[in-house]
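Using only what follows, build the 3D model:
(chains A and B)
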Amino acid sequence: MPNVTTAAGDCFNSIAKAQGFFNYLTVYNHSDNATNFPNPNCLEEGSTVKVPEKQMKAFVLTLDAENKFKIIRKKTKLKVKVCKANVAQQPGMSKVTLDIGGKKATATTGVLDIDDIDASISTATLTVVLSDPPAYAAPPAPSAGTANQYPDPILAADFDDPKTVWPKKGETITWNLQVGSLEPHTVIRGVLQRLENLGFTCPVQKTENAATRRAVKTYRRAVENKVAPNDTDAVADIRAHIKARHDD
Amino acid sequence: MPINRTARIARTAHDKAHLNRLGVPEFGVVQIQIQGQGGSKSKSYRDGSSATPTAPATTGVDTFHFAPGPQYNVATWAVDNNLKDDVQIVYKLHNPQFAIATARLELFTRFAATPVWTRDLTGDELLHGEHKLQFNAQDNWDGKIDPHTDFPDQFLTVEYSPYKLKLTITGPGVNTSPAAWTYFHVIIGKLELEYGPKDVLPVQPANPEGGIHRDTYDDLITQSATPPAAGGSVKVFLNSDMFKTNGNQMMDNTLFTRYETLWGDGPQIPLFCKVWVKSSANTDIVAYKALGKLKFLWDWESTAAASATAFASSAENYLVNKTKPKGRNCHEKRGGKRASTRAVFPDQAGTAPGAIQAGSFPFQVEAVPTPRKWAAYSYAWNDGAAASKTGVIFQPARMAGDKYKVTVYVDQVFDRKKKYKLNVDTDAPLTSPAVLKAVTGDFQIWRRINLRKYIKKNGSVAETINMATVAAEYAKAFVELKDLTGGVIQNVAQGDWNNRETTAINGLSATRQRMIMPGDQYNKGGGGVYLRTRDQYIEAWMEEAGADLDALGLGAALTPALRAALVDAAKNNPSNEPAFDNAVTAAFTNHGGALTPVDQSSLQGAIDSHWITVVDFMADPSNDMQNDDNYRGIAKIIGKTIVGAAFDPDADANSGCTIFHCDKLHDVGSSLLGWAFDVTNGNGNRCGFLLCATQADHSAGDSIENTATHEFGHHFFLPHTVDAGERKNYHAHDESVTTCIMSYNVPTEFCGFCQLRLRGWDKDALKTKASKNSKT
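Model prediction:
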């Protein structure tokens, strides 16, 4: 069988299916694939996956009798969890809908765990309707001060700057999911993809630049609570941490 | 708004547990504060519905303030780059996913929807956590903003304080705290009043009478280098050495008009105010760029108390509670400025900041619009020698006795209609925090007339006028009779005295020259001129008959014995013609035996003619010598001529008064106590007063000081009272007072009418009945 050069959306499950295998392990455990790809679900684009030849399998059949063949197809799952920046918390949500190949799942908790998806489908949509925000509440009034005080007490009403417009209903967030496109955390893009998935504003690219460093710096400040001015803010600095935060 | 995101996720193999966590972007502003020196900081606000995992700080105050811009060194009053009150804009963002797309700092002033300054935060400025906003790579902010019409110096100012600094963020995600803001102030530390430099006053041509603003200024500085503090007072002296040049001017309103010409709308006093700004560490500093076009409201109050003299008090009591400001200062209808449109703080164009220009007032001054239109607004310099200072020309009315208190307020607060808080017509003091005002003590206007010299005829003049007593009387009318003699009393030189008298005597007719007692007039004593009595006069004239006899040219025929007998006949019998005739007959009988009949007849005719001439002259009313009283009248006339001439050249050459003093005008029964005489070339600004009497010549209760006061009063345009023989209908005295110093009665004090005239009031606007000058 020819080797497969991976493209976006490929993982061992999808490759195995495309190559006619019912269990991704057949491919994954072939040759040095497992060594080269520690995570069978995350492949770097352009990687080479070695596909084994299909093996003949002999069966002893009973004549004039009904022989049953049981093909064991291993399922492919999809596990998604909607969270806040603090991944331990979930935002208030009124409805969460996952649509993958017409197969829909709904929840209110933000945890979607579909245990049998078509591994060949590489796009899906996740729609989250957030709970209504709290009603607008005015700011506290400045101190009333004392008689003949100087400076005069602040009168908030004297300032005509535009007032904050608060949404009355919950926001709707729609994720266009590129299923199978998450690359391993060992590559730059894989880290950046995870940052993006976690809500970061971050370019997904193969090289690092100021924008990637700023995202990493944010991660370190906000997640790792590290403010180290001499840090390089390189992707590698957060690689292991974000893998656990996103994947585990 | 709907949010669309992309996520690259992984499938999960059947034997794996890979999870795809999808984070909802969230962000918010936690807080924004300004931190100053010494730990001071402003208070952060945000909507009550805002929420971030980290709660905003509860520290900070609404009264936070700092002093933007560069500072002056107080000692040098020049820029000192080491002095600064930089602050830090500290904000905290909840931006754990770096999802904030825009963050804008906006600085607002009151009543304006448009910010005066904005700054977009970018890059690392949006990172999660706390930031100190960088300006030129430094954490510190000196209050500088981008160019703006209201902030030409690009620094925040007291003028538009308070300020609202607001941080607003947006982005794709859940914005749990879209904005936070803080308020801060730029405030005044204190105000300090001072006199401005003399140079700012107008350059005026010399005027010996007065009216020179710089002279008044010098006098104020001499009294105190700084304006009077609240509760104190200072006298503002207006030199006014102006004296009548003819008698009619005592009756008319010349005093008022000349004083008006001299001092017009009053003296000009440069009042400056040093303005300090409060730093964030609560120290007062000179942040000269931080004032902007802040309005300083200059207000005045009429603080004159009621005069002790009932008439004057009644006249002062004219609409005292109806005018703005109210008070007892001279009302405009009497020539003053109370209720007048003539400004106490006149408009000034001002000059550009830099060096103070001689003769130009540096600060712009304009009248406060209605309703407090008697006050004025001034504006401060933002650079140069008078940076952080403002001021006015304080121009009180010229009316002596008026009293002013000046207050400068910072009129900073305005409402939505741009109406300023202190522009109200309520009575002073205005409600204002103490730090926003500076108050003077009282400026009391005084006229000043200079006493230049005190000169006596000679050392025989024993008494001396107590000038303090005289001055005290004028002080009741707020006129300072300033004694510049230094206590020195000079004597006229003997030679000068005699020469001057001789010259004056020579100018008299022969019949009047004969009144002069021969001899050294100076050495005769302290009297002005020593005269023959009327009898001595006749006797002297009769003695002159000898010359008539000599003129006949009879030679030896006129023996000395005969000549003497004939002269004695005339001299000894000036009022008894038969006796004279008998004496003449006897003279011829006893001494004329050798005479021819013709010679005797000639001598008889000559002696008779002389006798008759003298007798007829003395009896002729047209000669005014028919008795002693008439003779004294002539004596007074020639005495004034001679004594005046003897003293006149010693009158001080400078403007002001000279006192001349002799014991008597003459020694033949002079009743003249004193005399206000016009010195030669007095030009209305030099005058002389001759005291020619002693205390003993005065009635009980009267004095030489009263005489001096009285006679000076004439020079100062005051006429006699009607009952002193002055002509009527000139309306110059309180009709209820008979003991005015300008009367011939034993005086008490100047009547109120006199006092008000001396103070500069309009005589034509006053009635002689006190009650008619009052109005409520």
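
only C-alpha atoms for contact and neighbour calcs from this point on.
OK.

Give the full set of residues in contact with B:Tyr183.
B:Tyr183 sits next to A:Ile154, B:Ser42, B:Lys43, B:Ser44, B:Asp62, B:Thr63, B:Phe64, B:Pro162, B:Tyr163, B:Lys164, B:Leu165 when contact means CA atoms under 8 Å, 6 or more residues apart in numbering or on different chains.

dump the residue contacts of the residue located most distally from the centre of chain A.
Computed with CA atoms, centre = their mean, the residue of chain A farthest from its C-alpha average is A:Asn148, at 59.7 Å. By CA under 8 Å, 6+ apart, the contact list for A:Asn148 reads B:Thr431, B:Ser432, B:Pro433.

tell me which element it falls in.
Using DSSP states H and E, A:Asn148 sits in no helix or strand.

Quick check, pLDDT for it.
What the model reports as pLDDT for A:Asn148 is 84.

The one 10 residues further on now?
A:Asp158 carries a pLDDT score of 96 in this model.

Now it. Its backbone dihedrals?
When quoted as degrees, to the nearest 10, the phi and psi of A:Asp158 stand at phi -70, psi -10.

how many other residues sit next to it?
Applying other CA atoms under 10 Å in any protein chain shown, we find 14 residues neighbouring A:Asp158.

in what helix or strand does the residue lying closest to B:Thr739 once chain neighbours are set aside lie?
In space, B:Thr739 comes closest to B:Pro747 once its chain neighbours are excluded; the distance is 4.5 Å by CA to CA, 6 or more residues apart in numbering or on different chains. Under the criterion DSSP H and E, no helix or strand holds B:Pro747.

In chain A, where's the longest helix?
If you go by DSSP state H, chain A has its longest helix at helix A:210-222.

quick one: contacts for the residue in the stretch 351-500 of chain B that chain A sits nearest to?
When scored by CA to the nearest CA, the stretch 351-500 of chain B has B:Pro433 as its residue closest to chain A, at 5.7 Å. Applying CA under 8 Å, 6+ apart to B:Pro433 gives the contacts A:Asn148, A:Gln149, A:Tyr150.

what two of the contacts of B:Tyr183 are the furthest from one another?
Across the contacts of B:Tyr183, the longest distance by CA to CA is 14.6 Å; it joins B:Ser44 and B:Pro162.

More neighbours: which of the two?
B:Pro162 (29 against 25).

Nearest spatial neighbour of the more buried one, chain-adjacent residues omitted?
Nearest to B:Pro162 is B:His185, by CA to CA, 6+ apart, at 4.5 Å.

Around residue 64, count how many other residues there are.
This is for chain A. By other CA under 10 Å, 6 other residues sit near A:Asp64.

Correction: the question concerned chain B.
Neighbours of B:Phe64 using other CA under 10 Å come to 26.

residue nearest the centroid of chain B?
Central residue of chain B (CA atoms, centre = their mean): B:Val236, 3.6 Å from the mean position.

quick one: what helix or strand has that residue in it?
Using DSSP H and E, B:Val236 sits in strand B:233-239.

which other helices and strands contact that strand?
helix B:213-223, strand B:437-456 (3 or more CA pairs under 8 Å, 6 or more residues apart in numbering or on different chains; DSSP states H and E).

Could you measure from the residue nearest to B:Gln494 when sequence neighbours are not counted over to B:Asn491?
Leaving out its chain neighbours, the residue that sits closest to B:Gln494 by CA to CA, 6+ apart is B:Tyr522, at 5.9 Å. Applying CA to CA, to the nearest Å, the value for B:Tyr522 to B:Asn491 is 11 Å.

more crowded one of the two?
Higher neighbour count among B:Tyr522 and B:Asn491: B:Tyr522, with 23 against 19, using other CA under 10 Å.

residues contacting the closest residue to B:Leu422 other than its chain neighbours?
Excluding its sequence neighbours, the residue lying closest to B:Leu422 (CA to CA, 6+ apart) is B:Asp411, at 5.9 Å. B:Asp411 is in contact with B:Leu294, B:Lys295, B:Phe296, B:Leu297, B:Tyr420, B:Lys421, B:Leu422, counting by CA under 8 Å, 6+ apart.

what sits against the residue nearest to the centre of chain B?
B:Val236 touches B:Thr216, B:Asp219, B:Leu220, B:Phe443, B:Gln444, B:Ile445, B:Trp446, counting by CA under 8 Å, 6+ apart.

Kindly recompute the last result at 10 Å.
B:216-217, B:219-220, B:223, B:267, B:269, B:396, B:398, B:400-401, B:403, B:442-448 (CA atoms under 10 Å, 6 or more residues apart in numbering or on different chains).

Narrow those to those that are buried.
The neighbour-count test (16 or more other CA atoms under 10 Å in any protein chain shown) marks B:216-217, B:219-220, B:267, B:269, B:396, B:398, B:400-401, B:403, B:442-448 as buried among the contacts of B:Val236.
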